[in-house]
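K.L.:
give me the fold of what follows.
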Amino acid sequence: MTELILIRHGETDWNRELRFQGQVDVPLNATGHEQARRLAERLGAERLAVDHLVCSDLIRTRQTAQPVLGALLPQLHIDNVVDASLREQSFGLVDGMRVDDIKLQHAEAWENWLRFDADGGMPGGETTRQFHTRVMGAVRRLAQEHAGKTLMVVTHGGVLDMVWRTAQGVGLHGPRQSDIPNAGFNRVRLDGDAIELLHWGDVRHLADLAPQPVYDQAKLLVAAVDGAD
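P.N.:
Residues are numbered from 1 along each chain as shown. Below is the predicted model:
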């Protein structure tokens, strides 16, 4: 069995603006840096036993992982632990755009997106099924490479949603159902093809910070239905 500690990157300005960040290389904002610092401080104080760390190659995950490396794995250099297969979903044409702007400029694409179809995606981007295949292939490969150990993975909200859906046996169709806060602590166990959730969405280390921006797909869907009535 292999345990994975899964961390979503800290907050960015684009998170707060509810943009589709996708694979655009957006840095952490001041809150995101503080979230990363607190995460590292918590993990260091708990003396969390981690054998290795790997993160997406995008800067927001690298900046989140850096203080954690300093606290837990100072012998590792950030440039040597990046893996592009852990990137967020590609949203193609709308990468970097705000939700309200997508609605205005790409109304048909937005309506298609709200179907949350497993084989649907934004024009020029990955479908949910393609994204899931990439993510779970990377997760299972990393679990095999670090079999019997504890691996920390610093990645993106969409990536964690794919893991959560797989662990819970939830299909790829429909809006996100899990809470995936920035710099939250999540832990899963892999045993062959089986994935067991151990902890999810733990943000005790962020308790007194400002409320996080939430991209709630279910609310977007309800709003769209209400608007059509």
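
K.L.:
need the contact partners of the lengthiest helix in the chain.
P.N.:
Among the segments of the chain that qualify as a helix by DSSP state H, the longest is helix 128-145. Outside helix 128-145, the residues that touch it by Cβ atoms under 8 Å, 6 or more residues apart in numbering are 2, 4, 54, 83, 85-86, 89-90, 116-121, 126, 151, 153, 158-159, 162-163, 165-166, 172, 190, 193. Every C-beta, even on glycine, is put in place using the N, C-alpha and C of the backbone.

K.L.:
in that helix, what's buried?
P.N.:
For helix 128-145, the neighbour count (16 or more other Cβ atoms under 10 Å) marks 128, 131-132, 134-136, 138-140, 142-143 as buried.

K.L.:
now, which of these sits nearest E108?
P.N.:
T128 (18.0 Å; Cβ to Cβ).

K.L.:
H156: neighbour count?
P.N.:
Neighbours of H156 under the rule other Cβ atoms under 10 Å: 24.

K.L.:
doesn't H199 lie inside a strand?
P.N.:
Yes. Checked against DSSP: H, G, I helix; E, B strand; the rest coil, H199 lies within a strand.

K.L.:
which residues does it contact?
P.N.:
With contact set as Cβ under 8 Å, 6+ apart, H199 has these partners: 185-187.

K.L.:
in JSON lines, list these along with secondary structure, neighbour count and pLDDT.
P.N.:
Listed next are the contacts of H199 as JSON lines, based on DSSP: H, G, I helix; E, B strand; the rest coil; neighbours: other Cβ atoms under 10 Å; pLDDT from 0 to 100:
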{"residue": "F185", "secondary structure": "strand", "neighbour count": "23", "pLDDT": "97"}
{"residue": "N186", "secondary structure": "strand", "neighbour count": "23", "pLDDT": "98"}
{"residue": "R187", "secondary structure": "strand", "neighbour count": "17", "pLDDT": "98"}
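
K.L.:
of these, closest to R204?
P.N.:
Nearest member of these to R204, counting by Cβ to Cβ, is F185, at 8.1 Å.

K.L.:
ok, which stretches of this protein are helices?
P.N.:
Assigned by DSSP H, the chain shows helices spanning 13-16, 30-45, 59-72, 99-105, 107-113, 128-145, 157-168, 217-228.

K.L.:
what comes into contact with the fifth one?
P.N.:
For helix 107-113, contacts defined as Cβ under 8 Å, 6+ apart pick out 93-94, 102-103, 120-123, 224.

K.L.:
buried residues in it, which are they?
P.N.:
For helix 107-113, burial by neighbour count (16+ other Cβ under 10 Å) applies to 109-110, 113.

K.L.:
could those residues go into a markdown table alongside pLDDT?
P.N.:
Listed next are the buried residues of helix 107-113 as a markdown table, based on pLDDT from 0 to 100:
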| residue | pLDDT |
| --- | --- |
| A109 | 95 |
| W110 | 95 |
| W113 | 94 |
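
K.L.:
returning to what we had before: just the ones in strands from the contacts of helix 128-145, please.
P.N.:
2, 4, 54, 151, 153, 190 (DSSP state E).

K.L.:
for these, which two are the farthest from each other?
P.N.:
Farthest apart among the ones in strands among the contacts of helix 128-145 - using Cβ to Cβ - are V54 and L190, which lie 14.4 Å from each other.

K.L.:
ok, the residue nearest to G32 when sequence neighbours are not counted - how many residues close by?
P.N.:
Nearest residue to G32 in three dimensions, chain neighbours excluded: G10, at 3.1 Å (Cβ to Cβ, 6 or more residues apart in numbering). Residues contacting G10 under the criterion other Cβ under 10 Å number 28.
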